[in-house]
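Visitor: pasting the structure only:
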């Protein structure tokens with residue numbers, strides 16, 4: 001017998017160590033923001049106008065239509081919808097409307113009408129925004145433990161690899177996704193997306209639109225599993241598909257550059273910002289006179305906007321995002 005051959009037990013420990021390097025997470029505590037760092041701030045999001053270039057979109061639901069019963073519940077479906085919502089927000093391409101937690105918004109508004117909180121700080125009713133595009137998805141395939149690795153050869157080496165095989169698990173998820181026109185119920189686009197992962201490549205999980213952590217209610221048990229990786233792959237590819245189907249400039253009646261019904265308060269704000277930026281709009285009187293119109297034209301030309309000398313929505317939104325203020 002060749003004395004240089006490794007003892008089976010030692011070889012087994014080497015195999016396990018190699019798999020651990022690939023598949024296992026290092027121990028310890030680490031906290032970091034996994035997504036959303038480059039998103040607009042709150043003021044910029046609130047300044048987005050309905051008649052701007054971005055479509056209003058909402059994720060309606062995730063339903064189970066797979067043949068694998070017993071794995072699905074409402075919390076998991078809500079978690080998947082949360083992930084897709086977060087990914088759409090982080091894409092920066094849409095005005096994304098909340099639907100999974102809408103009951104909390106309604107509760108706050110109901111509280112405002114109860115007379116128990118200050119009317120000066122109460123959330124007004126009748127201001128919830130409607131979606132133009134609804135995203136509806138259904139899980140059509142789900143297998144949390146499909147297949148495994150294969151071992152070739154014979155003897156005790158094959159036996160050892162066969163033992164390792166028991167710890168290698170695969171997950172497969174497929175969804176059907178539709179974009180629906182909320183006004184007409186017309187299906188605007190539809191696709192199927194599949195994702196598959198093994199526990200040996202969890203460490204290399206794609207970050208994509210919603211970052212490196214599982215987001216959403218009901219999915220904590222999936223963290224650092226092939227199911228998480230497969231779902232993340234599906235969500236990211238679903239967002240990529242949506243981006244290809246919804247144009248960057250979404251058509252609406254009433255072009256953003258032609259609307260001029262600005263309030264006196266808006267004009268005063270614009271005059272203050274223009275003066276601060278050095279465009280000499282004149283007195284902040286809320287009226288668009290020659291000086292203000294001239295300042296608006298100069299600002300619009302500088303920003304590449306339609307030059308009209310009027311405070312249309314595109315100009316107003318642009319001014320609201322300036323760091324200079326009166």
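Guide: Looks like it came in fine. The structure displayed is predicted, hence computed values, not measured ones. Numbers count the residues shown, from 1 in each chain.
Visitor: buried residues in the longest helix along the chain?
Guide: Ranked by residue count and defined by DSSP state H, the top helix of the chain is helix 226-245. Residues 226-239, 241-242 are the ones in helix 226-245 that count as buried (16 or more other CB atoms under 10 Å). Every residue, glycine included, has its C-beta placed from N, CA and C.
Visitor: The helix or strand following that helix packs against which elements?
Guide: Per DSSP states H and E, the first helix or strand lying C-terminal to helix 226-245 is helix 264-276. Secondary-structure packing of helix 264-276 (3 or more CB pairs under 8 Å, 6 or more residues apart in numbering; DSSP states H and E): helix 290-303, helix 313-320.
Visitor: now residue 119: how far from residue 193?
Guide: Residue 119 sits 47 Å away from residue 193, going by CB to CB, to the nearest Å.
Visitor: follow-up on the earlier one: please identify which of the buried residues of helix 226-245 is nearest to residue 90.
Guide: Nearest to residue 90 among those is residue 239, at 8.6 Å by CB to CB.
Visitor: Buried deepest among the helices and strands packed on helix 264-276, which one?
Guide: Comparing these by mean neighbour count (mean count of other CB atoms under 10 Å), helix 313-320 ranks first with a mean of 21.
Visitor: tell me the angle that one makes with helix 290-303.
Guide: If you take axes from the mean of the first three to the mean of the last three CA atoms, to 10 degrees, helix 313-320 sits at 90 degrees to helix 290-303.
Visitor: Give me the contact list for the longest helix of the chain.
Guide: 57, 80, 83-84, 87-88, 91, 93, 135, 137, 144, 169-175, 177, 179, 188-189, 191, 193-199, 201-202, 205-206, 208-210, 214, 219, 222 (CB atoms under 8 Å, 6 or more residues apart in numbering).
Visitor: returning to that earlier point: wait, which of the helices and strands packed on helix 264-276 is closest to residue 268?
Guide: helix 290-303 (10.1 Å).
Visitor: quick one on the thing from earlier: so residue 119 and residue 193 - more neighbours on which side?
Guide: Neighbour totals were compared for residue 119 and residue 193, and residue 193 leads with 20 against 9 (other CB atoms under 10 Å).
Visitor: host element of that one?
Guide: Counting by DSSP H and E, residue 193 is part of strand 187-198.
Visitor: That strand - contacts with which helices or strands?
Guide: Taking 3+ CB pairs under 8 Å, 6+ apart as the contact cut, strand 187-198 packs with strand 133-143, strand 170-181, helix 226-245.
Visitor: Repeat the analysis, applying 6 Å as the threshold.
Guide: Secondary-structure packing of strand 187-198 (3 or more CB pairs under 6 Å, 6 or more residues apart in numbering; DSSP states H and E): strand 170-181, helix 226-245.
Visitor: how far off strand 170-181 does it point, in degrees?
Guide: Going by the same axes, to 10 degrees, strand 187-198 makes 170 degrees with strand 170-181.
Visitor: Strand 187-198 - which strands sit beside it in the sheet, and in what orientation?
Guide: Here strand 187-198 is paired, per DSSP bridges, with strand 170-181 (antiparallel).
Visitor: how about low-confidence regions in the stretch 1-150 of the chain?
Guide: 1-52, 146-150 (pLDDT under 70).
Visitor: in the stretch 151-300 of the chain, which segments are predicted with low confidence?
Guide: 151-168, 200-218, 251-262.
Visitor: Roughly how far does the closest residue to residue 68 other than its chain neighbours sit from residue 69?
Guide: Nearest residue to residue 68 in three dimensions, chain neighbours excluded: residue 142, at 4.8 Å (CB to CB, 6 or more residues apart in numbering). Distance, residue 142 to residue 69, by CB to CB: 10 Å.
Visitor: of all the helices and strands packed on strand 187-198, which lies closest to residue 286?
Guide: strand 170-181 (39.1 Å).
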